[in-house]
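Trainee: Only the shape, not the letters, is given here:
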């Protein structure tokens, strides 16, 4: 199994709790803090792959509300461009294990995916 990747934001309480739990489980992962290392459009496009766009959008973000993305989900190209311009629009934390991607605060799913007790 490849090393899990973890994308998070250091000023996000949920991300810090999630990271602390990964550390407590002893998970070795490649971490990326999006303020220090923003994702570019190529990386976001690869992350999304053929998946639906909506789960990657953070509904708590101001851009999400300003652009009414709840009711008008952008196509993939537009979503990639928006997230690349505003990395905080990416729903986080993001845990990538192999081909599986978990978005948001779902530690129970992370535990199952990583073979850890919740």
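Mentor: Yep, it's here. Treat the numbers as computed from the prediction; the structure is a model and nothing was measured.
Trainee: residues in contact with the spatially most central residue of the chain?
Mentor: Geometric centre of the chain, nearest residue: residue 94, 2.8 Å, by CA atoms, centre = their mean. Applying CB atoms under 8 Å, 6 or more residues apart in numbering to residue 94 gives the contacts 5, 6, 7, 8, 47, 101, 102, 103. C-beta here means a position set from N, CA and C on the backbone, and glycine is covered the same way.
Trainee: try 6 Å
Mentor: Applying CB atoms under 6 Å, 6 or more residues apart in numbering, we find residue 94 in contact with 7, 103.
Trainee: before we move on, what about residue 91?
Mentor: Counting by CB under 6 Å, 6+ apart, residue 91 touches 56, 58, 103, 104.
Trainee: backbone phi and psi for the residue lying closest to residue 61 once chain neighbours are set aside, please?
Mentor: What sits nearest to residue 61 in space, not counting adjacent residues and going by CB to CB, 6 or more residues apart in numbering, is residue 89, at 4.8 Å. Here is the backbone geometry of residue 89 (degrees, to the nearest 10): phi -80, psi -20.
Trainee: Distance from stretch 27-38 to the middle of the chain?
Mentor: Mean C-alpha position of stretch 27-38 versus that of the full chain (CA atoms, centre = their mean, to the nearest Å) differs by 11 Å.
Trainee: Would you mark the buried spots in that stretch?
Mentor: Buried positions in stretch 27-38, judged by neighbour count with 16 or more other CB atoms under 10 Å: 27, 29, 33, 34, 38.
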